[in-house]
Structures are given as C-alpha cells and as structure tokens.
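attaching a predicted model along with its sequence, questions to come.
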Amino acid sequence: MSYDTENIFARILRGDIPALKLFEDEATFAFMDIMPRSDGHFLVIPKSPARNVLDASPDQLAACMVTVQCLSRAAMTALGADGVTLQQFNEAAAGQEVFHLHFHVLPRIDGVRLRPPGVMADMDVLKEQAGRIVAALEG
C-alpha cells in the first residue's frame, strides 16, 4: 500500500483545498474538522507524506504528538473541556478513510456525548471555536 499524493490532506497541505488552520510548524499542520463529533474537534497531520502509523517515521510520530499535546491543552482551556479523546485509525479495516496519517482530537465535556459522524458543521461556529483555541494557544 502506497501513499496517495492526491488524498484530501495532501491537497490541503498544498493549498488546493482550504482548511481552517489552528497551528502550523515545520513538521505538522492542525486544522478544524468540518464534520466535528464534538465542539472544537480538530486534526493534526504531519506535513510530510505518511499513510498512517504503520509507515510513519518516529520523527513524524513524535512531531505529531507534541502538536497534539500542545493543542489539546489549548482546546481544553478555550472550550472549558474536561478532557480530550484521541482517535487514530490505520488502514480501511480499522476505519481509516483518509490515507494520510492523522490524529483526531476531540475536546470532551463531562456528560456530553459525541455527535454522530458525517454531519457538516456550521462554518461560523467552527471559525468561532478555532479563534478561541488559537487565542488560548497564543495566550
């Protein structure tokens, strides 16, 4: 199984498709999920090609986890979350749909269930949540 340079996340990284960016450094890119299962649901991806955990380098994995941790803290502060759920899928049999390594970060409020998958978000709501996360990250 090889890396597809036309996957949606590769296209986002190239600027072919817009994304609501939260953070970017040399190695990673983080952006809001347009079909969020919780308020503030975002994705962290490596900027270099990797299909998933099974072929990613240790450096790619480490860089992603540093970004996941930093943004998780910011999201919890920004949204008053009680915790975060991390999701990561490897290959179709495990539920992976986009074959570029990615980590879902879902801020969680105690007692609030996850929303069903596949429902598009209101872009104004996403932008407001992103602004709060970015502000917490910067502050």
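Cool, got the structure. Numbering: from 1, shown residues only.

avg pLDDT for the host helix or strand of residue 72?
Taking DSSP states H and E as the definition, residue 72 sits inside helix 58-79. Across helix 58-79, the average pLDDT comes to 98.

list the buried residues in it.
Judged by neighbour count using 16 or more other CB atoms under 10 Å, the buried positions of helix 58-79 are 60, 63-64, 67-68, 70-72, 74-79. Using the backbone N, CA and C atoms, a C-beta is placed for each residue, glycine as well.

what lies in contact with it?
Applying CB atoms under 8 Å, 6 or more residues apart in numbering, the contact partners of helix 58-79 are 22-23, 25, 27-28, 30, 39-40, 42, 44-46, 48, 50, 53, 81-84, 86, 101, 103, 105, 107, 109, 129, 132-137.

contact partners for the residue most central in space within the chain?
Residue closest to the average C-alpha location in the chain (CA atoms, centre = their mean): residue 43, at 0.4 Å. Contact partners of residue 43, counting by CB under 8 Å, 6+ apart, are 9, 30, 31, 32, 33, 102, 103, 104, 105.
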